[in-house]
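Asker: 3D model of this:
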Amino acid sequence: MEFSTFRTPIDQRYFEDYEPGAVFEFGPIEMEEEELLAFARRFDPQSIHIDPDAAASGPFGGLIASGWHTVGLLMRLYVENYLTAVASLASPGLDELRWTRPVRPGDQLRLRVTVLEKRRSRTKPDRGLVRSRMEGFNQNDELVVSMDAMNMIAVRGPED
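Answerer: Presented below is the predicted three-dimensional model:
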């Protein structure tokens, strides 16, 4: 697979710079055990996430990260590398969130983002909607999570 690069730096990127079919990859970022435990204790306190002994005899044979933590790590890569720093307006949400494989302490995650489509707003001509597929992979090239994100992004100007 051939990956794309943006021609425009993140601090100069607008709606026009996102091209359907472009594929980007970012990372890696590590799922650190102490962060995994701290996140799960606070936000997702299931035994498979917070108790190594109980998790060892559970359905996954060991401690696994909360899916929400995994999404959070990948969101960091998304924001730092893909999402424009100057023209991101908001997100109306995401679709089709799937956790396909457990993430374990020490896993090295990377994010693949594919621009699925973009369309200019009919009611607000200063912006457009970019729909992107986000896929997280571990160090073994196994898909661990996927989702389709939508972002409202400002256009450069009315003449574009």
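
Asker: elements contacting the longest helix along the chain?
Answerer: Across the chain, the longest stretch assigned as helix under DSSP state H is helix 67-81. Applying 3 or more CB pairs under 8 Å, 6 or more residues apart in numbering; DSSP states H and E, one finds that helix 67-81 contacts strand 23-30, helix 33-43, strand 88-99, strand 108-120, strand 127-137, strand 143-154. Heads up, the C-betas are built off the backbone N, CA and C, glycines and all.

Asker: So which of the ones you listed is the most surrounded?
Answerer: strand 127-137 (a mean of 21; mean count of other CB atoms under 10 Å).

Asker: could you give the angle of that strand to strand 143-154?
Answerer: 160 degrees (axes from the mean of the first three to the mean of the last three CA atoms, to 10 degrees).

Asker: What are the contacting residues of strand 127-137?
Answerer: 15, 18, 70, 74, 78, 82, 89, 92, 109-121, 143-155 (CB atoms under 8 Å, 6 or more residues apart in numbering).

Asker: And for stretch 94-111?
Answerer: With CB under 8 Å, 6+ apart, stretch 94-111 has contacts from 25-33, 36, 60, 62-65, 67, 69-71, 73-74, 77-78, 81-82, 134-139, 142-150.

Asker: pLDDT averaged over that stretch, what's the number?
Answerer: Here stretch 94-111 scores 98 as its mean pLDDT.
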